[in-house]
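Undergrad: got a predicted structure here, sequence first:
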Amino acid sequence: MKLPRTIPRLVLEILCLIVLLLQILLPLLLWSRLPDPMPTHFNMAGEADGWGSRWTVFLFPGFSLFLWLLMSVTARLDPKHWSMPFSVPYGREVPVYSAVKTLLVALKLETMALFAAMELLILFGGARFFNAVCWPVMGLVFVTLAVGLYIAWRKRFW
């Protein structure tokens, strides 16, 4: 089943690529200023309790690239193969699957933004800002999931 392209999905995809590109370029631009070893893990008090080489800063862009590839391939699969938490009535497939595809792209962007936020915290040693940055982004992921599934569920009837 071919789903129509939408402007919101295109904008989300472009934002995903921008986040991915920034995640790769920022460590390269800051490479000479990065300490070796550098903090890689922080406790809840914001103190570094794990250390690694400068190369570990490329783990987050690697996770984002893997996620981008995986979710892009999933979004290109025939929607009839997606596991849906509700049945899709005959004749309502396109609006429901289109809403779910937009949800997938939004979740892809938000998860990549979470990895980017973690990378920034490690690059700039701002573990004290972890709770102010990462928890809201993770909360946004769950809100997007709930709202997106609700919208897809409602599209069954519209």
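TA: Great, that's in hand.
Undergrad: quick check: which element contains the residue most central in space within the chain?
TA: With distances taken as C-alpha atoms, centre = their mean, the chain has residue 111 as the residue nearest its mean C-alpha position (2.0 Å). If you go by DSSP states H and E, residue 111 is part of helix 93-123.
Undergrad: what are the buried residues along that helix?
TA: Buried residues in helix 93-123, counted by 16 or more other C-beta atoms under 10 Å: 93, 95-123. All C-beta atoms are positioned from the backbone trio N, CA, C, and that covers glycine.
Undergrad: toward the C-terminus, what is the element adjacent to that helix?
TA: Sequence-wise, the next helix or strand downstream of helix 93-123 (DSSP H and E) is helix 130-154.
Undergrad: which neighbouring elements make contact with that next one?
TA: Identification of packing neighbours for helix 130-154 by 3 or more C-beta pairs under 8 Å, 6 or more residues apart in numbering; DSSP states H and E yields helix 93-123.
Undergrad: who are the packing partners of the helix it packs on?
TA: Using 3+ C-beta pairs under 8 Å, 6+ apart, helix 93-123 sits against helix 7-30, strand 38-42, helix 59-76, helix 130-154.
Undergrad: give me the angle between that helix and helix 59-76.
TA: Relative orientation of helix 93-123 and helix 59-76, computed by axes from the mean of the first three to the mean of the last three C-alpha atoms, to 10 degrees: 180 degrees.
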